[in-house]
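Peer 1: quick one, what's the 3D model for this:
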Amino acid sequence: MNRMSLFGALAAVCLSLPAYAHDDHAPDDDHGHVHAEDVVQAGNLVISGPFARATNPGAPVGGGYFAVTNTGEADDRLIAVEADVSERVEIHEMAHEGDVMTMRELADGLVIPAGETVTLAPGGFHLMFMNLETAFVEGEAVDVVLDFENAGRVPLSLPVAAAGARQAAGDAPCHEAGDEHVH
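Peer 2: Purely as a prediction, here's the structure:
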């Protein structure tokens, strides 16, 4: 992949993430730069911003998140996820149905359309770790293997952020607008 394609893919990831209010009291480390190890290239896919949320001891489930940009000309699909920390990992979607927020497993996986970015984030698409064998501890990491229809098996480490985190610790703002950081 040439530099311009990689730059375009990373810009697409940054622009696709939701906006969050800036916390002027947050330490500088909370608004650092995305580290190289936080971006994984797998075929035509660029995976960035991985994280999981810390869980309480004994919690039965946990969540995992990241963004995937498909720089290719054909769709791909996340069809399965494996992890040693839980009985199974499901690919989920949260959506509003009328006035009710619902969550459901995507049994056929998650399509990553050609030329687009799909973001797995709290309140939307996400990984659901079912029947956790151990708690997710802030500062540690959860290792997974993502299985894509075309890109194949991709190992990924999800750094564990605080329980209420909305993004990976250290994610940098890509564009500042007023008092908000747009990622």
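
Peer 1: now E97: how far from R104?
Peer 2: In this view, E97 and R104 are 10 Å apart by Cβ to Cβ, to the nearest Å. C-beta coordinates here come from the backbone N, C-alpha and C atoms, glycine included.

Peer 1: these two: which has the busier surroundings?
Peer 2: Ranked by neighbour count (other Cβ atoms under 10 Å), E97 and R104 place R104 first, with 11 against 8.

Peer 1: in its sheet, what does the top strand by length along the chain sit against?
Peer 2: Counting residues, the longest strand in the chain under DSSP state E turns out to be strand 86-97. Its sheet considered, strand 86-97 pairs with strand 100-105 (antiparallel), strand 126-132 (antiparallel) by DSSP bridges.

Peer 1: just give me how far the longest one sits from the chain centre.
Peer 2: Put plainly, it is strand 126-132. Chain-centre distance of strand 126-132: 13 Å, with Cα atoms, centre = their mean, to the nearest Å.

Peer 1: next SSE after that strand?
Peer 2: As assigned by DSSP states H and E, the chain's next helix or strand after strand 126-132 is strand 141-148.

Peer 1: the helices in the chain, which residues?
Peer 2: With DSSP state H as the criterion, the chain has helices at 3-16.

Peer 1: helices and strands of the protein: which one bottoms out on pLDDT?
Peer 2: Within the chain, confidence by mean pLDDT, DSSP states H and E is lowest for strand 19-21 among all helices and strands, at a mean of 30.

Peer 1: ok, back up a step: quick one: contacts of the longest strand of the chain?
Peer 2: 62, 64, 78, 80-83, 101-106, 109-110, 123-133, 144 (Cβ atoms under 8 Å, 6 or more residues apart in numbering).

Peer 1: mark which of the residues you listed are buried, thanks.
Peer 2: 62, 64, 78, 80-81, 83, 109-110, 125-129, 132, 144 (16 or more other Cβ atoms under 10 Å).

Peer 1: quick one: which of those is nearest to Q41?
Peer 2: Closest approach to Q41 among those (Cβ to Cβ): L78, at 15.7 Å.

Peer 1: now that closest one: closest residue in space, sequence neighbours ignored.
Peer 2: Excluding the flanking residues, the one nearest L78 by Cβ to Cβ, 6 or more residues apart in numbering is L110, at 4.5 Å.

Peer 1: what does M103 give?
Peer 2: M94 is the one closest to M103 (Cβ to Cβ, 6+ apart), at 4.8 Å.

Peer 1: contact partners for the closest residue to A83 other than its chain neighbours?
Peer 2: Nearest non-adjacent residue to A83, counting by Cβ to Cβ, 6+ apart: V144, 4.6 Å away. When contacts are counted by Cβ under 8 Å, 6+ apart, V144 touches G64, V81, E82, A83, V89, L127, P155, L156, S157, L158.
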